[in-house]
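>>> Quick one, structure for this:
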Amino acid sequence: MSLATAPGRRPAEPATGPRAAGGWFLVLPALIPILVLSVGPLLYGIALAFTDAQSGRTAPTRWIGLLNFRDLLHDTLFWESFRVGLVWAVGVTVPQFALALGLALLLGQNLRLRWPARALAIVPWAMPEIVVGIMWRLVYHPDAGILNETLGTGVDW
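Presented below is the predicted three-dimensional model:
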């Protein structure tokens, strides 16, 4: 029996008032870069779609509304590019999903060499962390690490 369901004990209520608002201050350091580097450019790009802006030009732009989208619907190059992108997305996603599902079902079976196959299947997932660990080990190496070399020779940045 957990403490929340113990007899004579009320379940915890969600925080309200100043305590609840204080949580946003903890989220802001992570939220600000996302807003500035992702959401801001996204909204700016959407706004540019409704103007006559051209890439690389600093001339003033005018609001033209849906004219760009009307032109896009009648552009054969757009539709050909859209078709190629759709074929690529389906041609890559469907076989990748089918192979991954097949491998997952195969590794779920009670086979003789199941544990080495599972270990090999997890290697691509674990590899980036291993490479990062090796790189940090090389940076901190006592004899040939770049950190010790930099500190020992007094390189000016």
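>>> show me where pLDDT drops low in the protein?
1-8, 12, 14-21, 153-157 (pLDDT under 70).
>>> For it, which segments are assigned as helices?
Under the criterion DSSP state H, the chain contains helices at 18-34, 40-48, 67-73, 76-107, 114-139, 146-153.
>>> Convert the C-alpha atoms of the first one to PDB, please.
Once non-C-alpha atoms are left out, helix 18-34 reads as follows in PDB (Å, rounded to 0.1, in the frame of the first residue of the first chain):
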ATOM      1  CA  PRO A  18       2.700  31.400  -6.600                       C
ATOM      2  CA  ARG A  19       4.100  27.800  -6.200                       C
ATOM      3  CA  ALA A  20       2.700  26.700  -9.500                       C
ATOM      4  CA  ALA A  21       3.800  29.800 -11.300                       C
ATOM      5  CA  GLY A  22       7.300  29.300 -10.000                       C
ATOM      6  CA  GLY A  23       7.700  26.200 -12.100                       C
ATOM      7  CA  TRP A  24       7.700  28.300 -15.300                       C
ATOM      8  CA  PHE A  25      10.900  30.100 -14.100                       C
ATOM      9  CA  LEU A  26      12.600  26.700 -14.000                       C
ATOM     10  CA  VAL A  27      11.500  25.900 -17.600                       C
ATOM     11  CA  LEU A  28      12.400  29.300 -19.000                       C
ATOM     12  CA  PRO A  29      16.200  28.600 -19.500                       C
ATOM     13  CA  ALA A  30      15.400  25.600 -21.700                       C
ATOM     14  CA  LEU A  31      12.400  27.300 -23.400                       C
ATOM     15  CA  ILE A  32      14.000  30.500 -24.400                       C
ATOM     16  CA  PRO A  33      16.600  29.000 -26.900                       C
ATOM     17  CA  ILE A  34      13.800  26.800 -28.400                       C
END
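>>> Among the helices of the chain, which comes closest to A59?
helix 40-48 (13.2 Å; CB to CB). Every residue, glycine included, has its C-beta placed from N, CA and C.
>>> For the closest one, which outside residues touch it?
By CB atoms under 8 Å, 6 or more residues apart in numbering, the residues outside helix 40-48 that reach it are T61.
>>> That one versus helix 18-34: what angle between them?
Going by axes from the mean of the first three to the mean of the last three CA atoms, to 10 degrees, helix 40-48 is angled at 70 degrees with respect to helix 18-34.
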